[in-house]
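Asker: No sequence on hand, only this structure:
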């Protein structure tokens, strides 16, 4: 079983289903509401676990009811929380997530600055086959990237804007996967112009572009890896699910193109469903890949 350590912001999402996005100054009634664990690292770890990998999470929560809720959800999802630190007196980050018809989402997040004063206990070498970290907590990410380098395992950065506080991290990763917004924050111009510039930072870079093909650059040439057709129902966390599946592919020894294709299939399945437990299984991803011409 391939092991992936995911690291990043941990939050509790309050997800409101809306018929349409509200206008400023109006009152609207939600069609549905649910509470779920959120944040890039935790959603990526949930994807790894759902796909049959061994998932672990590094991050911080507050000493409050929401922090206890997070711990309980991690146990339910089968995610190792040994590197999740509880910070006394701090509040767990919270997000209001507005999901309108068609699956588009708007996220409003609040986080307690006191949380990030405490770094998890990070071992010299990670008990993992791959690392995935975001750029929200550069100090923690730097230590994890150093530990990944000592263990010679793939180290993936989910590069999302704003990148300025974390630019020094990008060259320490083996793989950097930008969102379109993250790549635009890194360099001006079209994605086709900006990605080759980013390729100077790491051995391999890519940019995810929603339903359009993922563009990858290995330092020599750029290639596009097509996605899979899907009718969007809920796009919340689609990029996080993609990153988790991509890291799991690398952890299992897949080549970058195969890991991207695997991640494309997992994300397509996830956005075609609703609810916090919509992660696809390894069998579902394998079936989609086979139907499209083989894994």
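Answerer: Okay, I see it. Computed from a predicted structure; not experimentally measured.

Asker: How many residues are close by residue 56?
Answerer: By other C-beta atoms under 10 Å, 24 other residues sit near residue 56. From N, CA and C alone the C-beta is placed, and that goes for glycine too.

Asker: Give me the neighbour count for the closest residue to it other than its chain neighbours.
Answerer: Counting by C-beta to C-beta, 6 or more residues apart in numbering, residue 56 lies nearest to residue 80, which is 3.9 Å off, once chain neighbours are set aside. Counted with other C-beta under 10 Å, the neighbours of residue 80 add up to 19.

Asker: which residues touch residue 80?
Answerer: The neighbours of residue 80, taking C-beta atoms under 8 Å, 6 or more residues apart in numbering as the test, are 54-57, 74.

Asker: how about a cut-off of 10 Å?
Answerer: 3, 5, 45, 49, 54-58, 74, 127-128 (C-beta atoms under 10 Å, 6 or more residues apart in numbering).

Asker: cool, residue 207 as well?
Answerer: With C-beta under 10 Å, 6+ apart, residue 207 has these contacts: 159, 176-184, 186, 191-192, 194-195, 198, 214-217.

Asker: A ChimeraX selection for those residues, restricted to the buried ones, would help me check which they are.
Answerer: Selection of buried members from these for ChimeraX, criterion 16 or more other C-beta atoms under 10 Å:
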select :159,176,177,178,179,180,182,183,184,186,191,194,195,198,214,215,216,217
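
Asker: so what's the residue nearest to residue 56 scoring on pLDDT?
Answerer: You'll see residue 80 listed with a pLDDT of 97.

Asker: Name the SS class of it, please.
Answerer: Put simply, residue 80 is strand when judged by DSSP: H, G, I helix; E, B strand; the rest coil.

Asker: all helices of this protein, in order?
Answerer: 40-50, 65-77, 138-151, 167-170, 180-186, 191-198, 238-251, 256-271, 282-291 (DSSP state H).

Asker: what's the average pLDDT for the last one?
Answerer: Regarding helix 282-291, the rounded mean pLDDT is 95.

Asker: other SSEs contacting that helix?
Answerer: Counting contacts by 3 or more C-beta pairs under 10 Å, 6 or more residues apart in numbering; DSSP states H and E, helix 282-291 is packed against helix 40-50, helix 238-251, helix 256-271.

Asker: how about the longest one: buried residues?
Answerer: Of all the residues in helix 256-271, those buried under the rule 16+ other C-beta under 10 Å are 256, 258-271.

Asker: Can you verify my assumption that residue 83 contacts residue 5?
Answerer: Yes - taking contacts as C-beta atoms under 10 Å, residue 83 lies within contact range of residue 5: 7.3 Å.

Asker: picking up where we left off before, could you dump the helices and strands packed on helix 282-291 into JSON lines with mean pLDDT and distance to residue 141 added?
Answerer: Shown next, in JSON lines, are those (pLDDT from 0 to 100; distance: least, C-beta to C-beta, whole Å):
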{"stretch": "helix 40-50", "mean pLDDT": "94", "distance to residue 141": "10"}
{"stretch": "helix 238-251", "mean pLDDT": "96", "distance to residue 141": "14"}
{"stretch": "helix 256-271", "mean pLDDT": "96", "distance to residue 141": "20"}
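
Asker: sorry, back to before: and which of the buried residues of helix 256-271 is nearest to residue 18?
Answerer: Closest approach to residue 18 among the buried residues of helix 256-271 (C-beta to C-beta): residue 271, at 17.2 Å.

Asker: I'd assumed residue 241 was in contact with that closest one.
Answerer: Yes - under the criterion of C-beta under 10 Å, residue 271 makes contact with residue 241 at 8.2 Å.

Asker: and for the two, which residues touch both?
Answerer: residue 278.

Asker: And the pLDDT at residue 275?
Answerer: 66.

Asker: And for residue 278?
Answerer: pLDDT, residue 278: 78.

Asker: what does residue 294 give?
Answerer: Residue 294 is given a pLDDT of 54.

Asker: Give me the number of neighbouring residues for residue 150.
Answerer: Residue 150 has 12 nearby residues by other C-beta under 10 Å.

Asker: Sorry, slip of the keys, the one I care about is residue 124.
Answerer: 8.

Asker: ok, now residue 185?
Answerer: Residue 185: 18 neighbours (other C-beta under 10 Å).

Asker: Can you tell me the closest non-neighbouring residue to it?
Answerer: That would be residue 161: by C-beta to C-beta, 6+ apart, it lies 3.7 Å from residue 185.

Asker: Look up how far residue 183 lies from the one you found.
Answerer: For residue 161, the distance to residue 183 (C-beta to C-beta, to the nearest Å) stands at 9 Å.
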